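Chemist: Give me coordinates for this.
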Amino acid sequence: MSEAAVAELESTRKFFLTTIAVLNAEHEAFAPHADMYTTAGHVAHVAITVDWFMGGAFGAGWDTDYDVHIAQAKAVTSFDAARAMLEHSFEQAIATLRSTSEEELDQPIPNDIVMGGAPRRAVISGIVDHTAHHRGSLAVYARLCGKVPTMPYA
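Modeler: Here you go, the predicted model:
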């Protein structure tokens, strides 16, 4: 089952990267509104949230200082740096899953302030859902920049 979880993360990463492939450094500072993430910040936010989910289930626990997370994402101004963060976060998550036994994946998340008592493997669904949400947002960003996102499922 952990290989199924790994496969789910790999396809989620692939879909996300395919959607944002039309964006690059030229678009990194674009934001539809001053209060919103830039394109670079948006990608960084996804990376930070992958780490957050994995840390909550397999690490030190849930870091609920969301203002810090937002500031960290907004501080990333390079699209290439944000994309590298995303790749690293997914690689780390996949490595964690590959080194975790089925029994450990079925254990309840240690601190149930998020996903109350769900098994550790439940964070995979959270990562998939959150990443899909932001993939859709970034597809809109791309269109606002005059780009057509590539169909991620091809």
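
Chemist: in what helix or strand does the residue nearest the centre of the chain lie?
Modeler: By CA atoms, centre = their mean, the chain has its centre lying nearest to V46, at 3.3 Å. Assigned by DSSP states H and E, V46 falls within helix 39-58.

Chemist: Just the angle for the next helix or strand after that helix relative to helix 39-58, thanks.
Modeler: Following helix 39-58 in sequence order, the next helix or strand is helix 66-75 (DSSP H and E). Note on geometry: by axes from the mean of the first three to the mean of the last three CA atoms, to 10 degrees, helix 66-75 and helix 39-58 are set 140 degrees apart in direction.

Chemist: which outside residues touch helix 66-75?
Modeler: With contact meaning CB atoms under 8 Å, 6 or more residues apart in numbering, helix 66-75 is reached by Y37, T38, G41, H42, A44, H45, I48, T49, W52, D63. In short, each C-beta sits where N, CA and C put it, glycine included.

Chemist: The most far-flung residue of the chain relative to its centre and P119, how far apart?
Modeler: Here the centre of the chain is the reference, and by CA atoms, centre = their mean the most remote residue is E103, at 25.0 Å. Plainly put, E103 is 10 Å away from P119 if you go by CB to CB, to the nearest Å.

Chemist: now A142
Modeler: 36 Å.

Chemist: More neighbours: which of the two?
Modeler: Between A142 and P119, counted using other CB atoms under 10 Å, A142 has the larger neighbour count: 21 against 14.

Chemist: quick one: whatever helix or strand that one lives in to chain centroid distance?
Modeler: Assessed by DSSP H and E, A142 sits inside helix 122-144. With CA atoms, centre = their mean, to the nearest Å as the basis, helix 122-144 stands 8 Å off its chain's centre.

Chemist: same deal with stretch 34-42?
Modeler: Here the centre of stretch 34-42 is set off from its chain's centre by 15 Å, with CA atoms, centre = their mean.

Chemist: For it, buried residues please.
Modeler: By neighbour count with 16 or more other CB atoms under 10 Å, stretch 34-42 contains the buried residues Y37, T38, T39, A40, G41, H42.
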